[in-house]
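> My questions are about this predicted structure, shown below with the sequence.
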Amino acid sequence: MSELPPEPASPAPASPTFPAPASRAAASAPAASASPADLVATVVRLKLSLLRNGLRQSGGRRAAYVASAVVTLLFAALQLLGLIALRGHDHAVSLVVLLVAVLGLGWAVMPLFFPSGDETLDPTRLVMLPLRPRPLVRALLAASLVGIGPLFTLLLLVGSMISLAHGAAAWTVGVLAVALALLVCVAFARAVAAANIRLLSSRKGRDLAVLSGLVIAIGAQAVNFGAQRLGTSGLAQLEPVGDVLRWLPPASALGAVDSVSEGAYGVAVAQFAVSGAALVLLVAGWSRTLTRLMTAPDGSTLQAAEPAARERRNSAGLARLLPGGRTGTVMERALRYIWRDPKTKAAWVTSLAIGLIVPVFNALQGTGSIYFACFAAGMLGIQMYNQFGQDTSAFWMVALTISSRRDAYAELRARALALLAITLPYATLVTVLTTAMLGDWPKLPEVLGLSFALLGAMLATGAWTSARFPYSIPQEGHKNVVPGQAGLAWIAIFGGMVSAALLCAPVIAVTIWLHVTEGGGAWTWLLLPGGTAYGAAVTLLGLRLAAPRTASRLPEILTAVSKG
């Protein structure tokens with residue numbers, strides 16, 4: 001047998017090569033050198049991707065975003081030109097610091113009302129990633145500078161700086177002041193959102209967003225009122241406010257620009273330091289909140305797992321204040337809809353806000369009338385329309401309890417009483433407040449009578465249109481009517497409002513007759529009991545007429561309200 005060739009010697013195992021100590025340190029500390037920059041770029045790209053993917057969802061959303069962006073930038077451009085035109089004005093600094101202070105306040109409170117406007121505001125989405133708070137703060141702060149809001153703020157800050165800067169030193173400080181004020185605004189939003197993220201991600205937080213309409217409406221009226229006062233009195237009356245605001249961040253950064261222009265360098269340093277200290281405190285608080293959010297357990301599941309004893313106690317407490325039987329049960333259900341259902345709550349908040357804003361702000365401007373107080377009763381009376389639409393497909397449970405006209409009447413009467421429990425005291429409060437602001441106390445009884453008569457007429461027509469023209473309210477999105485039922489909604493609301501106005505015609509005619517008749521003004525107080533009695537009679541008549549139609553159209557009502 002021939003000899004086998006010798007096997008080749010197996011190579012010796014190569015000894016492992018370890019990185020040098022410096023390399024190991026760089027590899028084991030990713031957040032020390034290159035990672036922070038990479039993290040900033042990644043989070044900024046994430047913000048852009050979220051924006052881009054959101055616009056890809058639908059053409060309507062894309063068109064709405066483009067239109068809002070164009071309108072916002074045009075408004076910012078006009079503000080920029082207006083601020084530049086103020087350059088050299090004696091009271092420009094007072095207006096500028098007020099504008100910047102309002103801008104900072106807006107950045108601080110908007111996350112509470114629009115938590116879904118920026119997905120990166122919720123740091124708990126990143127809790128599973130191996131990120132440290134300090135690099136994450138820098139990355140999120142950089143991402144916050146991307147968007148229409150920061151660009152709008154930047155344009156206003158640049159215009160404010162141009163209107164105040166005089167001299168090379170002021171221009172240099174102005175550039176730094178714009179950057180500092182912008183960072184303070186962004187840090188305000190981030191710190192507030194992080195501190196309240198548990199609230200904003202809960203049902204109560206979503207309910208808080210409902211108040212955004214109220215805030216916007218009141219803010220718009222306040223701006224309108226302030227603009228009118230400034231137009232008549234000039235900017236000089238802003239001096240006391242400006243003297244205070246120029247020491248508050250972020251307005252103090254722009255106040256430093258004016259101080260440098262005036263040669264008060266020590267004051268400028270102090271004002272600049274105030275905004276700088278505010279930025280440091282905001283970022284430090286934000287960082288501590290991030291650490292707590294990313295390391296502490298979420299207690300929402302523990303709260304959800306608690307026994308329902310508290311719920312039963314609240315229910316028992318509310319039930320004690322309501323009448324017994326079916327009336328109390330239906331009233332409790334309707335009041336809970338108002339408190340818990342987002343769409344119902346949004347409608348009520350809007351009606352309450354507009355019903356107060358229209359008479360009160362017109363009275364403040366000196367152009368109002370005491371009869372504007374009837375607007376509150378009219379806005380709240382609209383809530384009686386489409387009573388079954390808020391039940392959606394769950395209306396089948398209500399339909400099972402209605403077997404006769406008597407049951408339908410009891411159902412509609414209880415819903416009207418639930419609405420009256422809120423509307424009567426609120427309409428009275430608005431009327432008394434408007435009367436006190438105008439000082440026209442002799443007309444208070446007749447205006448209350450007119451309000452109660454109008455409210456009764458709207459309850460009557462609302463009960464009838466709820467049975468005749470029901471429509472579905474979608475649970476998702478911002479629309480209040482499902483596609484294909486917009487015509488029903490217009491007929492129900494505006495047809496009912498016209499009918500209610502016609503039903504109030506006798507009370508209105510009596511009011512006019514008493515005012516044009518010699519000596520009739522002494523008897524206008526009779527309109528309070530007369531209007532109240534008339535409103536109650538019309539309400540009962542409307543409920544009686546709507547009850548048989550409701551009982552006979554239960555299948556049609558269920559079909560109409562179940563499309564959402």
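Noted; the coordinates are in hand.

> Give me the below-cutoff pLDDT ranges for this protein.
In the predicted model of the chain, residues 1-36, 57-58, 60-61, 113-124, 127, 198-236, 296-319, 476-479, 564 satisfy pLDDT under 70.

> any idea how it splits into domains?
Under the assignment automatic domain parsing, the domains of the chain span 34-295, 323-561.

> can you give me the offset of the shortest one from its chain's centre?
With C-alpha atoms, centre = their mean, to the nearest Å as the basis, the distance from the averaged C-alpha position of domain 323-561 to the chain average is 24 Å.

> Buried deepest among the domains of the chain, which one?
Most buried of those by mean neighbour count (mean count of other C-beta atoms under 10 Å) is domain 323-561; its value is a mean of 19. (Glycine included, C-beta is placed from N, CA and C.)

> Would you work out how far apart the start and end of that one are?
The first and final residues of domain 323-561 sit 28 Å from each other (C-alpha to C-alpha, to the nearest Å).

> again with stretch 438-445
Across stretch 438-445, the terminal residues are separated by 15 Å (C-alpha to C-alpha).

> Please enumerate residues in contact with it?
Under the criterion C-beta atoms under 8 Å, 6 or more residues apart in numbering, residues 363, 368, 369, 370, 431, 432, 435, 521, 524, 525, 527, 528 lie in contact with stretch 438-445.

> In TSV: these, plus secondary structure.
Supplementary listing: the contacts of stretch 438-445 in TSV, determined by DSSP: H, G, I helix; E, B strand; the rest coil:
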residue	secondary structure
363	helix
368	coil
369	coil
370	helix
431	helix
432	helix
435	helix
521	helix
524	helix
525	helix
527	helix
528	helix
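
> Helices along the stretch 101-250 of the chain, start to end?
If you assign secondary structure with DSSP state H, counting those that start in this stretch, the helices in the stretch 101-250 of the chain sit at 133-144, 148-164, 168-195, 197-200, 203-209, 212-233, 239-245.

> on that earlier part again, from the contacts of stretch 438-445, which single one is nearest residue 174?
Nearest to residue 174 among the contacts of stretch 438-445: residue 363, at 41.9 Å, using C-beta to C-beta.

> Excluding residues flanking it in the chain, which one is nearest the closest one?
Of all residues not flanking residue 363 in the chain, residue 437 sits nearest, at 4.1 Å (C-beta to C-beta, 6 or more residues apart in numbering).

> So that neighbour: helix, strand or coil?
With three-state DSSP as the basis, the three-state label of residue 437 is helix.

> Please tell me I have it right and it contacts residue 364.
Yes: contact criterion C-beta atoms under 8 Å: residue 437 and residue 364 qualify, at 6.9 Å.

> State the distance from residue 526 to residue 80.
Separation of residue 526 from residue 80 (C-beta to C-beta, to the nearest Å): 59 Å.

> distance of residue 490 from residue 472?
Using C-beta to C-beta, one obtains 15 Å as the distance from residue 490 to residue 472.

> list the contacts for the residue nearest to residue 489 when sequence neighbours are not counted?
Across the structure, with C-beta to C-beta, 6+ apart as the measure, the residue nearest residue 489 apart from its sequence neighbours is residue 481 (4.6 Å). Remark: with contacts taken as C-beta under 8 Å, 6+ apart, residue 481 is in contact with 471, 472, 473, 474, 488, 489.

> Restricting to C-alpha, output the host helix or strand of the fifth one in CSV.
Okay, so that is residue 488. Element membership of residue 488 [criterion: DSSP states H and E] is helix 486-490. As requested, the backbone C-alpha atoms of helix 486-490 are provided in CSV (Å, rounded to 0.1, in the frame of the first residue of the first chain):
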residue,chain,number,x,y,z
ALA,A,486,-75.1,67.3,5.0
GLY,A,487,-78.4,68.3,3.6
LEU,A,488,-80.3,66.8,6.5
ALA,A,489,-78.0,68.7,8.9
TRP,A,490,-78.7,72.0,7.2
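
> will you turn the contacts of residue 481 into JSON lines that also has distance to residue 152?
Conversion of those to JSON lines gives the following (distance: C-beta to C-beta, whole Å):
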{"residue": "471", "distance to residue 152": "38"}
{"residue": "472", "distance to residue 152": "37"}
{"residue": "473", "distance to residue 152": "34"}
{"residue": "474", "distance to residue 152": "31"}
{"residue": "488", "distance to residue 152": "39"}
{"residue": "489", "distance to residue 152": "34"}
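
> May I ask which helix or strand encompasses the residue lying closest to residue 56 once chain neighbours are set aside?
Setting aside the residues directly before and after it, residue 56 is nearest to residue 62 in space (C-beta to C-beta, 6+ apart), at 7.6 Å. Assigned by DSSP H and E, residue 62 belongs to helix 59-85.

> relative orientation of that helix and helix 148-164 in degrees?
When axes from the mean of the first three to the mean of the last three C-alpha atoms, to 10 degrees is applied, the directions of helix 59-85 and helix 148-164 differ by 10 degrees.

> Please name every helix or strand in contact with helix 59-85.
Using 3 or more C-beta pairs under 8 Å, 6 or more residues apart in numbering; DSSP states H and E as the contact criterion, the elements in contact with helix 59-85 are helix 34-55, helix 148-164.

> which helices and strands does the longest one pack with?
Taking 3+ C-beta pairs under 8 Å, 6+ apart as the contact definition, the neighbouring helices and strands of helix 34-55 are helix 59-85, helix 133-144.

> Could you export it as CSV, CA atoms only?
Once non-C-alpha atoms are left out, helix 34-55 reads as follows in CSV (Å, rounded to 0.1, in the frame of the first residue of the first chain):
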residue,chain,number,x,y,z
ALA,A,34,-20.0,61.3,16.7
SER,A,35,-23.3,60.0,18.0
PRO,A,36,-24.8,63.3,19.1
ALA,A,37,-24.5,64.8,15.6
ASP,A,38,-25.8,61.6,14.1
LEU,A,39,-28.7,61.6,16.5
VAL,A,40,-29.6,65.2,15.7
ALA,A,41,-29.6,64.4,12.0
THR,A,42,-31.7,61.3,12.5
VAL,A,43,-34.3,63.0,14.6
VAL,A,44,-34.5,65.9,12.2
ARG,A,45,-35.0,63.4,9.3
LEU,A,46,-37.6,61.7,11.4
LYS,A,47,-39.5,64.9,11.8
LEU,A,48,-39.3,65.5,8.1
SER,A,49,-40.5,62.0,7.4
LEU,A,50,-43.4,62.3,9.7
LEU,A,51,-44.4,65.5,8.0
ARG,A,52,-44.0,64.0,4.5
ASN,A,53,-45.9,60.8,5.3
GLY,A,54,-48.7,62.8,6.9
LEU,A,55,-49.1,64.8,3.7
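
> so how far is that helix from its chain's centroid?
Relative to its parent chain, helix 34-55 has a centroid offset of 27 Å by C-alpha atoms, centre = their mean.

> Stretch 82-92 now?
What separates the centre of stretch 82-92 from the centre of its chain is 33 Å, taken as C-alpha atoms, centre = their mean.

> contacts for that stretch?
Outside stretch 82-92, the residues that touch it by C-beta under 8 Å, 6+ apart are 95-96, 99, 156, 159-160, 162-164, 234-236, 238-239, 242.

> Quickly name whichever of those residues is closest to residue 545.
Lowest distance from residue 545 to the contacts of stretch 82-92 (C-beta to C-beta) belongs to residue 99, with 55.7 Å.

> Is residue 546 in contact with residue 469, as I believe?
No: counting by C-beta under 8 Å, residue 546 does not reach residue 469; the two are 11.6 Å apart.

> Please name the residues that touch the residue lying closest to residue 530 once chain neighbours are set aside.
Closest residue to residue 530 apart from its sequence neighbours, by C-beta to C-beta, 6+ apart: residue 449 at 6.1 Å. By C-beta under 8 Å, 6+ apart, the contact list for residue 449 reads 507, 527, 528, 529, 530, 531, 532.
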